[in-house]
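1. Next input, structure requested:
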Amino acid sequence: MKNIDIRHWPTEKISKSVLYLLVLLTALLFVLFFTVGYDIPYDENPDMNAPLLTGAVVVFMMLMIVAALVVTVATAIRTIRRCHELSNDNLIPSARISYGVAGATAALLVLTFAVGSDDALTVNGKPFVDWMWLKMSDMFVSTALIMITAAVGLLVYGQAKNSARRRKPHVDKA
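-> Numbering: from 1, shown residues only. This is a model prediction of the structure:
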């Protein structure tokens with residue numbers, strides 16, 4: 001058997017392998033979820049299903065969330081440490097950019113939590129009124145929408161600026 005040394009793999013190969021593994025695990029779990037014991041009736045309401053592998057799906061989602069949070073925090077700490085060491089790398093104020101992005105993200109999370117809705121939702125025919133979870137779910141949805149909109153807007157702006165730069169004739173001062 002061949003000895004695999006992951007330490008010498010390029011970053012792209014590692015991230016591709018992790019992506020393929022996560023996609024495979026997710027697809028396998030959901031295929032099993034919908035094929036093994038999916039049509040078991042719920043005891044309290046026989047009109048609803050109580051799939052056998054619901055617990056496995058919930059645990060898998062929780063593990064994925066915890067893993068994403070750990071990777072996010074570790075990456076943020078590593079980036080801030082690296083940018084602190086190279087505070088002005090190639091005339092780019094990377095430390096200031098890192099701190100600005102982290103601060104803006106935190107401020108956006110606090111702002112969207114403050115203005116988020118805490119109106120009761122009807123879930124499975126019953127009202128859900130937990131104030132904190134309603135505000136937090138609204139915070140994450142609103143923050144994600146704002147950040148995606150900003151990313152798309154900046155992408156369009158960058159492409160337009162790049163396109164305008166290409167159209168300008170290049171004047172050689174020789």
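
2. going forward, measure contacts between C-alpha atoms and count neighbours the same way
-> Fine.

3. At the geometric centre of the protein, which residue do we find?
-> A68 (7.4 Å; Cα atoms, centre = their mean).

4. what about that one, helix or strand, and which?
-> helix 54-85 (DSSP states H and E).

5. from the chain's centre, how far out does that helix sit?
-> 9 Å (Cα atoms, centre = their mean, to the nearest Å).

6. Determine the set of other helices and strands touching it.
-> Based on contacts counted as 3 or more Cα pairs under 8 Å, 6 or more residues apart in numbering; DSSP states H and E, the elements that helix 54-85 packs against are helix 11-35, helix 94-115.

7. which of these sits most buried?
-> Burial of the helices and strands packed on helix 54-85 is given as mean neighbour count (mean count of other Cα atoms under 10 Å); helix 94-115 ranks first at a mean of 15.

8. could you give the angle of it to helix 54-85?
-> With axes from the mean of the first three to the mean of the last three Cα atoms, to 10 degrees applied, the angle from helix 94-115 to helix 54-85 works out at 140 degrees.

9. Following the chain onward from helix 94-115, which element is next?
-> Trace forward from helix 94-115 with DSSP H and E and the next one is strand 121-123.

10. avg pLDDT for that next one?
-> Averaged over strand 121-123, pLDDT sits at 85.

11. Over to T143. Which of the three states is it?
-> Here T143 takes the helix state, with states given by DSSP: H, G, I helix; E, B strand; the rest coil.
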